[in-house]
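Q: Here is a sequence together with a model predicted from it:
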Amino acid sequence: MRTKIVAGNWKMNKTYQETKALVKELKHAVKEIELDNTRVVIAPTFVNLQKASKMTKNSVIEVAAQNMHQAASGAYTGEISAQMLKSIYVDTVILGHSERREYFGETDELLAEKVNAALDNDLEIIFCFGEVLEDRKQGNHFKVVESQIKHALFHLDSAAWSKIILAYEPVWAIGTGETATPEQAQEMHAFIRELVAGRYMSDVAEEVSILYGGSVKPSNAQEIFSKNDVDGGLIGGAALKVEDFSAIIAAI
Ligand code: PGA
(Lines give C-alpha, C1' and ligand atoms only; values in the text may rest on other atoms or scores of the structure.)
Protein backbone atom coordinates (compact mmCIF):
# COMPACT_ATOMS: atom_id res chain seq x y z
CA MET A 1 0.00 0.00 0.00
CA ARG A 2 1.34 3.41 -0.96
CA THR A 3 2.12 5.82 1.85
CA LYS A 4 -0.17 8.82 2.04
CA ILE A 5 1.49 12.14 2.75
CA VAL A 6 0.22 15.58 3.67
CA ALA A 7 3.04 18.11 3.46
CA GLY A 8 2.88 21.81 4.33
CA ASN A 9 5.13 24.17 2.42
CA TRP A 10 5.37 27.25 4.57
CA LYS A 11 7.33 29.20 1.93
CA MET A 12 8.73 32.52 3.24
CA ASN A 13 6.26 32.77 6.10
CA LYS A 14 6.44 32.68 9.91
CA THR A 15 9.09 34.19 12.15
CA TYR A 16 10.91 32.13 14.76
CA GLN A 17 8.27 32.96 17.38
CA GLU A 18 5.40 32.26 15.00
CA THR A 19 6.99 28.98 13.96
CA LYS A 20 7.20 27.84 17.58
CA ALA A 21 3.56 28.72 18.14
CA LEU A 22 2.33 26.99 14.99
CA VAL A 23 4.35 23.82 15.56
CA LYS A 24 3.08 23.62 19.13
CA GLU A 25 -0.54 23.98 18.01
CA LEU A 26 -0.07 21.51 15.21
CA LYS A 27 1.44 18.91 17.53
CA HIS A 28 -1.69 19.07 19.68
CA ALA A 29 -4.00 19.00 16.68
CA VAL A 30 -2.46 15.93 15.02
CA LYS A 31 -2.77 13.94 18.24
CA GLU A 32 -6.53 14.07 17.74
CA ILE A 33 -6.36 12.72 14.20
CA GLU A 34 -6.23 9.04 13.41
CA LEU A 35 -3.32 8.72 11.01
CA ASP A 36 -3.74 5.58 9.02
CA ASN A 37 -0.64 4.99 6.86
CA THR A 38 -0.30 8.78 6.56
CA ARG A 39 2.79 10.92 7.02
CA VAL A 40 2.58 14.56 8.07
CA VAL A 41 5.41 16.82 6.95
CA ILE A 42 6.02 20.54 7.46
CA ALA A 43 8.57 22.67 5.64
CA PRO A 44 9.39 25.88 7.51
CA THR A 45 12.12 28.28 6.33
CA PHE A 46 15.81 27.40 6.76
CA VAL A 47 16.29 29.49 9.91
CA ASN A 48 13.44 27.74 11.68
CA LEU A 49 14.18 24.18 10.62
CA GLN A 50 16.29 23.24 13.60
CA LYS A 51 13.75 24.51 16.12
CA ALA A 52 10.89 22.78 14.30
CA SER A 53 12.88 19.59 14.06
CA LYS A 54 13.65 19.64 17.81
CA MET A 55 10.06 20.43 18.72
CA THR A 56 8.68 17.55 16.64
CA LYS A 57 11.18 14.96 17.79
CA ASN A 58 8.62 12.92 19.71
CA SER A 59 5.74 13.63 17.41
CA VAL A 60 4.57 12.09 14.14
CA ILE A 61 5.29 15.39 12.40
CA GLU A 62 8.33 15.35 10.14
CA VAL A 63 10.31 18.38 9.03
CA ALA A 64 11.51 19.11 5.50
CA ALA A 65 13.57 21.88 3.91
CA GLN A 66 12.17 23.92 1.03
CA ASN A 67 15.35 23.93 -1.04
CA MET A 68 19.11 23.28 -0.94
CA HIS A 69 22.19 23.96 -3.04
CA GLN A 70 23.66 21.30 -5.29
CA ALA A 71 27.29 21.72 -4.17
CA ALA A 72 28.71 19.96 -1.11
CA SER A 73 30.29 23.15 0.28
CA GLY A 74 32.26 26.16 -0.85
CA ALA A 75 31.99 29.79 -1.94
CA TYR A 76 28.22 29.99 -2.48
CA THR A 77 27.19 32.92 -0.33
CA GLY A 78 23.76 32.54 1.17
CA GLU A 79 23.30 28.89 0.27
CA ILE A 80 22.65 25.73 2.28
CA SER A 81 23.99 22.24 1.51
CA ALA A 82 22.43 18.81 1.83
CA GLN A 83 24.98 17.87 4.47
CA MET A 84 23.99 20.91 6.56
CA LEU A 85 20.37 19.78 6.48
CA LYS A 86 21.32 16.27 7.55
CA SER A 87 23.43 17.69 10.37
CA ILE A 88 20.32 19.19 11.98
CA TYR A 89 18.34 15.96 11.48
CA VAL A 90 16.34 17.09 8.47
CA ASP A 91 15.80 14.07 6.22
CA THR A 92 13.58 15.47 3.48
CA VAL A 93 13.89 18.34 1.03
CA ILE A 94 11.45 19.89 -1.44
CA LEU A 95 13.08 20.43 -4.84
CA GLY A 96 11.78 21.98 -8.05
CA HIS A 97 8.97 24.07 -6.63
CA SER A 98 7.55 26.30 -9.36
CA GLU A 99 8.49 29.41 -7.39
CA ARG A 100 12.13 28.25 -7.41
CA ARG A 101 11.87 27.58 -11.13
CA GLU A 102 10.18 30.89 -11.91
CA TYR A 103 11.87 33.40 -9.57
CA PHE A 104 15.27 31.76 -9.16
CA GLY A 105 15.74 30.32 -12.62
CA GLU A 106 15.98 26.67 -11.57
CA THR A 107 16.07 24.46 -14.66
CA ASP A 108 15.55 20.71 -15.00
CA GLU A 109 19.31 20.31 -15.52
CA LEU A 110 20.09 22.17 -12.30
CA LEU A 111 17.41 20.17 -10.51
CA ALA A 112 18.97 16.92 -11.67
CA GLU A 113 22.17 18.07 -9.93
CA LYS A 114 20.26 18.95 -6.77
CA VAL A 115 18.51 15.58 -6.86
CA ASN A 116 21.89 13.83 -7.05
CA ALA A 117 23.32 15.89 -4.19
CA ALA A 118 20.29 15.18 -2.03
CA LEU A 119 20.44 11.43 -2.70
CA ASP A 120 24.21 11.35 -2.11
CA ASN A 121 23.42 12.64 1.36
CA ASP A 122 20.56 10.21 1.92
CA LEU A 123 17.90 12.90 1.81
CA GLU A 124 14.41 12.06 0.67
CA ILE A 125 13.05 14.39 -2.04
CA ILE A 126 9.63 15.85 -2.61
CA PHE A 127 10.05 16.67 -6.29
CA CYS A 128 7.67 19.31 -7.68
CA PHE A 129 6.71 19.91 -11.29
CA GLY A 130 3.70 21.12 -13.25
CA GLU A 131 2.58 23.10 -16.24
CA VAL A 132 1.74 26.80 -16.54
CA LEU A 133 -1.70 27.91 -17.70
CA GLU A 134 -0.58 28.53 -21.27
CA ASP A 135 0.65 24.92 -21.56
CA ARG A 136 -2.68 23.61 -20.39
CA LYS A 137 -4.65 25.88 -22.69
CA GLN A 138 -2.61 24.63 -25.62
CA GLY A 139 -2.97 21.01 -24.55
CA ASN A 140 0.76 20.67 -23.83
CA HIS A 141 0.46 19.80 -20.13
CA PHE A 142 1.31 16.10 -20.48
CA LYS A 143 4.33 16.87 -22.63
CA VAL A 144 5.61 19.51 -20.21
CA VAL A 145 5.25 17.26 -17.17
CA GLU A 146 6.85 14.34 -18.99
CA SER A 147 9.84 16.48 -19.93
CA GLN A 148 10.27 17.86 -16.38
CA ILE A 149 10.23 14.38 -14.85
CA LYS A 150 12.45 12.79 -17.50
CA HIS A 151 15.13 15.47 -17.35
CA ALA A 152 15.39 15.71 -13.59
CA LEU A 153 14.74 12.13 -12.48
CA PHE A 154 15.03 9.50 -15.19
CA HIS A 155 18.81 9.21 -14.90
CA LEU A 156 18.25 7.58 -11.48
CA ASP A 157 18.31 3.84 -10.97
CA SER A 158 15.20 2.17 -9.58
CA ALA A 159 16.66 1.78 -6.07
CA ALA A 160 16.90 5.59 -5.78
CA TRP A 161 13.14 5.87 -6.23
CA SER A 162 12.50 4.73 -2.68
CA LYS A 163 13.68 8.25 -1.76
CA ILE A 164 11.45 10.08 -4.26
CA ILE A 165 8.02 11.57 -3.65
CA LEU A 166 6.42 13.29 -6.63
CA ALA A 167 4.30 16.43 -6.33
CA TYR A 168 2.22 17.50 -9.30
CA GLU A 169 1.54 21.20 -8.91
CA PRO A 170 -0.11 22.91 -11.88
CA VAL A 171 1.33 26.42 -11.67
CA TRP A 172 -2.04 28.00 -12.50
CA ALA A 173 -3.49 26.48 -9.32
CA ILE A 174 -0.78 27.59 -6.88
CA GLY A 175 -1.91 30.34 -4.55
CA THR A 176 -4.64 31.35 -6.98
CA GLY A 177 -7.62 29.78 -5.27
CA GLU A 178 -8.20 27.86 -8.47
CA THR A 179 -7.80 24.11 -8.04
CA ALA A 180 -7.47 21.40 -10.62
CA THR A 181 -10.62 19.33 -10.61
CA PRO A 182 -10.25 15.93 -8.96
CA GLU A 183 -10.59 14.46 -12.48
CA GLN A 184 -7.78 16.64 -13.85
CA ALA A 185 -5.56 15.64 -10.94
CA GLN A 186 -6.36 11.94 -11.35
CA GLU A 187 -5.78 12.10 -15.12
CA MET A 188 -2.34 13.64 -14.68
CA HIS A 189 -1.36 11.39 -11.77
CA ALA A 190 -2.30 8.28 -13.74
CA PHE A 191 -0.25 9.60 -16.67
CA ILE A 192 2.76 10.15 -14.38
CA ARG A 193 2.47 6.67 -12.91
CA GLU A 194 2.39 5.17 -16.38
CA LEU A 195 5.40 7.24 -17.38
CA VAL A 196 7.37 5.93 -14.39
CA ALA A 197 6.19 2.37 -15.15
CA GLY A 198 7.45 2.75 -18.72
CA ARG A 199 10.93 3.69 -17.56
CA TYR A 200 11.22 1.43 -14.49
CA MET A 201 9.62 -1.74 -13.22
CA SER A 202 5.96 -1.39 -12.46
CA ASP A 203 6.56 -1.83 -8.71
CA VAL A 204 8.51 1.47 -8.69
CA ALA A 205 5.49 3.17 -10.27
CA GLU A 206 3.07 1.44 -7.92
CA GLU A 207 5.03 2.44 -4.84
CA VAL A 208 5.87 6.08 -5.56
CA SER A 209 3.60 8.52 -3.74
CA ILE A 210 2.25 11.25 -6.02
CA LEU A 211 0.96 14.33 -4.22
CA TYR A 212 -1.25 17.02 -5.66
CA GLY A 213 -0.56 20.68 -4.87
CA GLY A 214 -2.36 23.89 -5.77
CA SER A 215 -5.01 25.58 -3.62
CA VAL A 216 -5.85 22.48 -1.60
CA LYS A 217 -8.15 23.50 1.24
CA PRO A 218 -10.45 21.78 3.73
CA SER A 219 -13.41 22.17 1.36
CA ASN A 220 -11.82 20.35 -1.60
CA ALA A 221 -9.23 18.06 0.02
CA GLN A 222 -11.42 15.01 0.51
CA GLU A 223 -12.61 14.89 -3.09
CA ILE A 224 -9.09 15.30 -4.50
CA PHE A 225 -7.61 12.74 -2.09
CA SER A 226 -10.34 10.24 -2.97
CA LYS A 227 -8.85 9.71 -6.41
CA ASN A 228 -6.93 6.47 -6.95
CA ASP A 229 -3.60 7.92 -7.96
CA VAL A 230 -3.61 10.92 -5.61
CA ASP A 231 -1.59 9.93 -2.55
CA GLY A 232 -1.83 13.19 -0.64
CA GLY A 233 -1.12 16.86 -1.00
CA LEU A 234 1.50 19.57 -0.89
CA ILE A 235 -0.23 22.43 0.83
CA GLY A 236 0.82 26.09 0.74
CA GLY A 237 -1.51 28.76 2.11
CA ALA A 238 -3.73 26.37 4.06
CA ALA A 239 -0.70 24.87 5.87
CA LEU A 240 -0.24 28.13 7.76
CA LYS A 241 -3.47 27.77 9.72
CA VAL A 242 -3.67 24.89 12.14
CA GLU A 243 -7.44 24.40 11.71
CA ASP A 244 -7.14 24.21 7.93
CA PHE A 245 -4.04 22.03 7.85
CA SER A 246 -5.44 19.58 10.38
CA ALA A 247 -8.75 19.42 8.51
CA ILE A 248 -6.81 18.57 5.34
CA ILE A 249 -4.86 15.85 7.19
CA ALA A 250 -8.11 14.46 8.56
CA ALA A 251 -9.57 14.45 5.03
CA ILE A 252 -7.07 11.90 3.87
P1 PGA B 1 -1.06 26.73 -2.34
O2 PGA B 1 0.47 26.36 -2.62
O3 PGA B 1 -1.66 25.58 -1.56
O4 PGA B 1 -1.02 28.02 -1.55
O5 PGA B 1 -1.72 26.89 -3.67
C6 PGA B 1 0.84 25.06 -2.93
C7 PGA B 1 2.33 25.00 -3.12
O8 PGA B 1 2.90 25.95 -3.63
O9 PGA B 1 2.96 23.99 -2.78
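A: Looks like it came in fine.
Q: The stretch 101-250 of the chain: strands as residue ranges?
A: For the stretch 101-250 of the chain, the strands defined by DSSP state E, counting those that start in this stretch cover 124-129, 164-168, 210-213, 232-235.
Q: can those go into TSV with extra columns for mean neighbour count and distance to the ligand?
A: C-betas here are computed from N, CA, C, even on glycine. Converted to TSV, the strands of the stretch 101-250 of the chain look like this (neighbours: other Cβ atoms under 10 Å; distance: least, Cβ to the nearest ligand atom, whole Å):
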stretch	mean neighbour count	distance to the ligand
strand 124-129	24	7
strand 164-168	25	7
strand 210-213	26	4
strand 232-235	28	4
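Q: Point me to the residue of the stretch 1-150 of the chain nearest the ligand.
A: Taking Cβ to the nearest ligand atom, the ligand has its nearest neighbour within the stretch 1-150 of the chain at N9, 4.3 Å off.
Q: so that residue bridges to which residues?
A: Using DSSP bridges, the bridge partners assigned to N9 are A43.
Q: Contact partners for it?
A: A43, Q66, I94, H97, G213, L234, I235, G236, A239 (Cβ atoms under 8 Å, 6 or more residues apart in numbering).
Q: The first one reaches L95, doesn't it?
A: This points to A43. No - contact criterion Cβ atoms under 8 Å: A43 and L95 do not qualify, at 11.3 Å.
Q: which residues touch stretch 27-34?
A: Stretch 27-34 is contacted from outside by V40, M55, T56, S59, V60, I61, V242, E243, F245, S246, I249, A250, using Cβ under 8 Å, 6+ apart.
Q: try it again with 6 Å
A: The contact list for stretch 27-34, computed with Cβ atoms under 6 Å, 6 or more residues apart in numbering, reads V40, S59, V242, S246, I249, A250.
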